[in-house]
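[1] Pasting the sequence and the predicted model now:
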Amino acid sequence: MTLPSLAFSGMLTASLLLAQADPHAGGDAAEGLRLYRAYCAACHGVDGDQVPAVDLKSGQFRRVANDNDLAKIVNEGIPGTAMPPAGFTPVQVSHVIAYVRSLKLAPVHSSVQGDVLRGKAILEGKGGCLKCHQAAGQGSRVGPELTGIGKLRSSAAIESSILDPNRTVLPQHRYIRATTKDGRAMSGRRLGEDTLTIQLIDSNEELLSLPKAGLREFAVLKTSPMPSYKDKLTAQELADLVSYLVSLK
Amino acid sequence: MTPRFLLFLTAALAVPAQVTFERLVRADREPHNWLNYSGSYRSHRYSPLDQITRDNIKNLRIDWIYQARSLERFEATPLVVNGIMYVTQAPNDVIALDASTGRRFWTYSHAPLPAARGCCGKINRGVAILGDRLFMGTMDARLIAIDAKSGRSLWNVGIADPNAGYSITHAPLVIKDKVIVGVAGGEYGIRGFIAAYEIASGKEAWRFYTVPGPGEPGNETWAGDSWKTGGAPIWITGSYDPELNLTYWGTGNPGPDYNSDKRAGDNLYSNSVIALNPDTGKLQWHFQFTPHDELDYDATQIPVLVDAEWRGRPRKLMMWANRNGFFYVLDRVNGEFLMGKPFAKVTWATGLDDKGRPVKSTKMSPNAEGVQIFPGALGATNYYAPSYSSRTGLFYVSTWVNTYNVFTKFSQEYEAGKQFLGGLPRGGRTGTGGPQEEDPYGAVRALDPKTGEMKWEFKMTTLTTSGLLTTASDLLFTGGLEGYIFALDARNGAMLWKSTVGGLTYASPMSYQAGGKQYVAIAAGNALFAFALAD
């Protein structure tokens, strides 16, 4: 993928594919690239895939149905996340959208042989997934949200996470164990961290912000608290479960 | 410290109303003012003020905030002259403020042409002053003189073509009757230069091309016509030694950044420090930190000039923590290499030879598949101002520790005004924001310049893009990407104070005194914060 050819093909793609009625159509992907590098690449990376679970190359976005939605997110950010408002002019937004749309590669998801309804039953029953995860409004908030996981992760990645949870624990999902200086032990999923503080959601679904100076012990675990389902599900059950998770879009 | 009232009187009575060249030379005699980008020609970014101390810093508070009418990155360092602050609001507004209240006197606005472009935002790092005139370079490669009292433009000259990717982002440097600026555009295949303009008229007095043309010494270090798009931009303010009458500037990467196939040779004077006569623009000496660069290791750091004993005799030194990961000490009389040592993880070179030339590692060149190289393209440090304190004898630098990129290259033909990179740094842990993994981190590192050894470091969870300031009470101020402005003990790195302002810092702090109060000012997010002790 060369930068100029990407930019130019992106410009063509954008102008050809976006409906004329769309106010964000007709952006210049080359100019969008400049803006992207200046304002977006520090977090999203030059390839658009540096933010875990947000792959701009996929062309699919959890909160985006059309370019108006994309423009809104670019300009207003996503409250409660690290995505800040960019405050671009409408013309600048159209450039950025042209560039981001130009990043789209071939679809990354592959279908799996499985039954969605059976998979849902496994998630809610035998799998016990909702003890830690939330899906479609049910379950616990302690583990990473599964609603929309089908848009964010490929079926292969989902299957890998079920069979070998320790293999890919995203940094923002790492588990924290901490003991305060007065002896209180706490643990939970890391939501944020800086030099002085750490934010987490604990097993009671409480949001905690801890000053590091008040901790006697503090560890970021690289392993996942999730058990492996390698020997717990049959091949068919696994396919069913993956099939259901992929359907959560 | 002098009693506040007395100092105030001294400031008001003893100093001429206009900023003369002599005042710029002796800026350290006016600790209440901050007269150029780095505080003085020696660029220590050190304030002799000592009202804020380790004992009372717990009472340091936000005294006022200036909210910029701009969403561009706020990278500027303000100047303060006798209670008036001059700061730029990106891209190219100049604001005059009451330095004790943040109230605005006037705004000068220059709207850069739509064609103006930069690799990294439409930004500006500040102004220079002489007499009653302020000088600002613009994103569309113009140099503008502005009346410091009225905010009106006095002259406005174009110095390069913005359509070809030329811009000016750094604060100019005034020496005698000339204002000196260089051009940015290292990602656009420009031919870099630095030039001096007459204070009175804006007429160009001299121009020195950082990429020599045919017949000029150094042109032989560029294969074929590659010099025409050789880059070597200037985008951070240089320093000046009045005794030697030499001005020192760091130059940026050769173009295209990551593909050197068509530019065989050392590619002078890219990634170098150049020592120029400010009257004529004549090159006195140069030292190239990274010959034939393929990794975007701009030498666009601030030359820190220190007079100190070196191996038993007094010498005029230049200290330099480079984006390429090495810390250097040079003799600034003649450019002699005195010492060099990595201050962060480096894999692109195995070391420096006895002349300071890097011994490049084998197979550490970008290719089509990508090669992992430390430090990454954004370097072990960057444009963030370092600081030197003669009290501690330490050199302080914002450092990216253990960061790398996977460097790729591809073929690319030059097109005027288009980015000319020849590759891209991919992946790598140079991302900013969000939880970082254990290994790479940002730090303030204190180096012993005599040995290059690290004396202490303050580790941060995320990387840092903030410059540093030290003061006469052994405080070190900085910010970062976590929303804090904070102070460390310059002697040992202990954290003494913090203020949560919630904005990312891409600027460098400065200090001044107004109305009897010492202030520390630094931009974070889209605002400028001025801190002072609570009454």
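    Yes, it's here.

[2] Please determine how far residue B:423 is located from residue B:261.
    Distance of residue B:423 to residue B:261, computed by C-beta to C-beta, to the nearest Å: 10 Å. (C-beta placed from N, C-alpha, C; glycine too.)

[3] These two: which has the busier surroundings?
    Ranked by neighbour count (other C-beta atoms under 10 Å in any protein chain shown), residue B:423 and residue B:261 place residue B:423 first, with 26 against 12.

[4] pLDDT at the closest residue to the more buried one other than its chain neighbours, what is it?
    Computed as C-beta to C-beta, 6 or more residues apart in numbering or on different chains, the closest residue to residue B:423 that is not its neighbour in sequence is residue B:258, at 2.7 Å. On the pLDDT scale, residue B:258 is placed at 96.

[5] Poorly predicted segments of chain B, please.
    For chain B, applying pLDDT under 70 flags the ranges B:1-17, B:427-438.

[6] what helices or strands is the helix or strand residue A:161 falls within leaning on?
    For residue A:161, the element it lies in under DSSP states H and E is helix A:155-163. Applying 3 or more C-beta pairs under 8 Å, 6 or more residues apart in numbering or on different chains; DSSP states H and E, we find helix A:155-163 packed against helix A:235-247.

[7] tell me which residues in the helix it packs on are buried?
    Residues of helix A:235-247 classed as buried: A:237-246 (neighbour count, 16 or more other C-beta atoms under 10 Å in any protein chain shown).

[8] Make CSV from the residues you listed and add distance to chain B to it.
    Shown next, in CSV, are the buried residues of helix A:235-247 (distance: C-beta to the nearest C-beta, whole Å):
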residue, distance to chain B
A:237, 34
A:238, 30
A:239, 32
A:240, 33
A:241, 28
A:242, 27
A:243, 31
A:244, 29
A:245, 24
A:246, 26
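
[9] Going by distance to residue A:211, which of the residues you listed wins?
    Of all the buried residues of helix A:235-247, residue A:211 sits closest to residue A:245, with 37.0 Å by C-beta to C-beta.

[10] Tell me who's in contact with the closest one.
    By C-beta atoms under 8 Å, 6 or more residues apart in numbering or on different chains, the contact set of residue A:245 is A:119, A:123, A:135, A:146, A:149-150, A:158.

[11] Nearest to chain B among these?
    The closest of those to chain B turns out to be residue A:149 (C-beta to the nearest C-beta; 19.4 Å).

[12] Give the bridge partners for the closest residue to residue A:219 other than its chain neighbours, please.
    Distance criterion C-beta to C-beta, 6+ apart; nearest residue to residue A:219, sequence neighbours excluded, is residue A:177 at 4.8 Å. Counting by DSSP bridges, residue A:177 is bridged to residue A:187, residue A:219.

[13] shouldn't residue A:177 be in contact with residue A:223?
    No. With contact defined as C-beta atoms under 8 Å, residue A:177 does not reach residue A:223; the gap is 11.2 Å.

[14] Of these two, give the one with the bigger neighbour count.
    Higher neighbour count among residue A:177 and residue A:223: residue A:177, with 13 against 10, using other C-beta under 10 Å.

[15] Flag the shaky bits of chain A, pLDDT-wise.
    Residues of chain A that meet the criterion pLDDT under 70 lie in A:1-27, A:30, A:38, A:42, A:45-47, A:50, A:52, A:80-82, A:102-112.

[16] Find the residue at the geometric middle of it.
    Centroid-nearest residue in chain A: residue A:53, 2.8 Å away (criterion: C-alpha atoms, centre = their mean).

[17] check contacts around the nearest residue to residue A:131 once chain neighbours are set aside.
    Spatial nearest neighbour of residue A:131, chain neighbours left out: residue A:140 (6.0 Å); criterion: C-beta to C-beta, 6+ apart. Residue A:140 makes contacts with A:130-134, A:205, as judged by C-beta under 8 Å, 6+ apart.

[18] Drop anything exposed from the residues you listed.
    Among the contacts of residue A:140, those buried by neighbour count (16+ other C-beta under 10 Å) are A:130, A:132-134.

[19] These into a markdown table, with extra columns for secondary structure?
    Shown next, in a markdown table, are those (DSSP: H, G, I helix; E, B strand; the rest coil):
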| residue | secondary structure |
| --- | --- |
| A:130 | helix |
| A:132 | coil |
| A:133 | coil |
| A:134 | strand |
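
[20] got the residues you listed as CSV, with distance to chain B columns?
    Formatted as CSV, these follow (distance: C-beta to the nearest C-beta, whole Å):
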residue, distance to chain B
A:130, 26
A:132, 20
A:133, 20
A:134, 21
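
[21] Which pair of the residues you listed spans the longest distance?
    Taking C-beta to C-beta as the measure, those span a maximum distance of 8.7 Å, between A:132 and A:134.

[22] shared neighbours of these two, anything?
    Both residue A:132 and residue A:134 are in contact with A:140, A:143, where contact means C-beta under 8 Å, 6+ apart.

[23] in chain A, what residue sits furthest out from the centroid?
    Here chain A reaches farthest from its C-alpha mean at residue A:182, the gap being 36.1 Å by C-alpha atoms, centre = their mean.

[24] Quick check on it: phi, psi?
    phi -90, psi 10 (degrees, to the nearest 10).

[25] one step back: where's the residue nearest to residue A:219 relative to chain B, distance?
    For residue A:177, the distance to chain B (C-beta to the nearest C-beta, to the nearest Å) stands at 15 Å.

[26] Wasn't residue A:122 part of a helix?
    Yes. Judged by three-state DSSP, residue A:122 forms part of a helix.

[27] Any idea how many residues pack against it?
    For residue A:122, the neighbour count with other C-beta under 10 Å is 23.

[28] what's the answer for the one 4 residues further on, then?
    Number of residues near residue A:126 (other C-beta under 10 Å) recorded here: 13.
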